[in-house]
Structure formats: structure tokens, C-alpha cells
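Enquirer: have a look; sequence and predicted model below, questions after that.
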Amino acid sequence: MAREQIRQRGALWFGYNPVVGWLMEATPQSTAILREVRDGFDPDAWKAGFTGDTGLTLEARRQLAARGLRSEALSGEIVAAYYAEQQDVVRGQSYAYLRVKLVDGDEAYLVSLGLGTGPAQMLAQKLLGVTPGDRVRLTAFGKIENGYANHAVSLRDAQGQEIRGPGGLFRIAESLVQDKIAVLRGQGLDSRELVAQTRAQVKLEFHRRLIDDRIAPSFAGYSSGASASVPPAPGDGLHADADPAAGFDDAADGVPF
């Protein structure tokens, strides 16, 4: 069995929390627990984000583990990967996701990552090195490197080797970012906030094109209608309050996962 203690049938949803640095099962119960743990910390401390194996992150992990939650690593055949949007009707906003489905026997796992985040963009590039139906092991994690939070994904093949993208894509995305920023500055628009927003949007759009033009079509013939057959993720649309997380290229979308 690829994951212990799974009993229910159907697709189980998983998401990544950047403050805790864990890939976690996303259910109404786990979402409620995560909110309760978050609310026990100073809001500014939580917004400051991931602290590695010390401080807030360590304590949050301890509290979550005491209530039965943990970091997950998922194994199975990769059968679907696609772009999805979740609408927040109240706020008039939409949130972009990369979604990947793994199947292991009669169990299915649906991983949903905000496309504006580093882990989702890293995973999108790794998916260019995957053949639909391959058996993979997927997880996401946070770590501290040179004093800064870094969030990443690991995608390994059946032999345990890390799957890598074609290389150079982050440089291409950054080149597009700089071109756009140069245009803005030529118009006298160079505030720090606008530059950050532009950077995030250009990188998101770049990775959406990778998904729509190269990744999703490769899975279309293998798993026709996979995205349509999966129900909305628990917690999607519950954009109660934005919690920006250090270490991501752009802020989290407000969903606890």
C-alpha cells in the first residue's frame, strides 16, 4: 500500500501548507484543525511563514501531529495533470491551481497546488519529464537554506530517481518577467508592489501555458475526462483571509492548504 491508514474509496485530496511545510490530506476535518492551530499563534508570526525545524513551524507541526495530521508522501500511477480555477464569487476573484492525480490500486489521490507557488511551478516543470501512467512518488516540503525559507516538491520515478524538467525554464520565465518590468518602468510604473505583482503574474501565466500546451494534452488520451470526474477539493473557495508565506515567489491564496 502506498499510504498507510487509508480506508475510504474515491479520490483523496491533498494540499500543501507553506507555514507548516507539509503536504497534507485536505478534508473538512483537517482544514478545521489547521485553522484552529493557526489561530493559536500571533497572526503576524503566522504570516511571517515557515521557520524550519524551530520556532512556529516546529510547534505547529507538534500540535498537528498530536491531532493526527502529518506530512504525506504519495505513490501511484500518474494518470492526470491539468490546470484548474476556483472562483470566489463573494470577492470576485479566481484562484489558479495545478492538479495532479495518482492512482494506486483502488485508491486515488488528487494533489492540488496553487499555481502561483514555487512547489506548483517546480512540479509543472518536472511533469514535462513524465509519461502518463508512470509510477511516481510525490511529496512537497519546506526547508531553510542560507537563512531563507525554500519550498519544493520531490517527484521520483519507480527506481527512486528524481524526475527533472528539461532545464532552463525558470530562466526563460525570469526573462519574460524582466521584459514586462522594463515596459512598466518605461511607463514610469516601478513601485515595489507593482513589480512584485507583475513578477508573480508573468510566472503564473508562463506555467499555465506549460500545463495547457504541453502537459495536459499528453494526459488527455490516457485519462480522458479525469478533471471533470473529480469533485471540488475540500477547502476550495474558502478564501477567508490571505496568509502570505515567506519563501514563495508570491503569496498563498488564502486557503489553509
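Expert: Cool, got the structure. Computed from a predicted model, the values in this text were never measured in an experiment.
Enquirer: got the CA coordinates for stretch 100-111 in CSV?
Expert: Taking C-alpha atoms only, stretch 100-111 is exported to CSV below (Å, rounded to 0.1, in the frame of the first residue of the first chain):
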residue,chain,number,x,y,z
VAL,A,100,-2.2,16.0,-10.4
LYS,A,101,-4.0,12.7,-9.9
LEU,A,102,-2.2,9.4,-8.8
VAL,A,103,-3.9,6.0,-8.7
ASP,A,104,-2.7,3.1,-6.6
GLY,A,105,-4.9,0.1,-6.9
ASP,A,106,-8.4,1.1,-5.8
GLU,A,107,-7.1,4.3,-4.2
ALA,A,108,-6.8,7.7,-5.9
TYR,A,109,-5.0,10.8,-4.7
LEU,A,110,-5.6,14.3,-6.1
VAL,A,111,-2.9,16.8,-5.2
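Enquirer: and it, how far out from the chain middle?
Expert: Stretch 100-111 has its average C-alpha position 16 Å from the chain's average C-alpha position, going by CA atoms, centre = their mean, to the nearest Å.
Enquirer: equivalent analysis for stretch 101-112, please.
Expert: Centre-to-centre, stretch 101-112 and its host chain are 16 Å apart (CA atoms, centre = their mean).
Enquirer: buried set for that stretch?
Expert: Under the neighbour-count criterion of 16 or more other CB atoms under 10 Å, stretch 101-112 has 101, 102, 103, 104, 107, 108, 109, 110, 111, 112 buried. Quick note: C-beta positions are derived from backbone N, CA and C, even for glycine.
Enquirer: and the two most separated of the residues you listed?
Expert: Farthest-apart pair in the buried residues of stretch 101-112 is 104 and 112; separation 17.7 Å (CB to CB).
Enquirer: go through the buried residues of stretch 101-112 and name the one nearest residue 125.
Expert: Nearest to residue 125 among the buried residues of stretch 101-112, counting by CB to CB, is residue 111 at 15.5 Å.
Enquirer: wait, is that closest one part of a strand?
Expert: Yes - counting by DSSP: H, G, I helix; E, B strand; the rest coil, residue 111 falls inside a strand.
Enquirer: how close does it get to residue 73?
Expert: Taking CB to CB, to the nearest Å as the measure, residue 111 falls 11 Å from residue 73.
Enquirer: and for residue 192?
Expert: In terms of CB to CB, residue 192 sits 37 Å off from residue 73.
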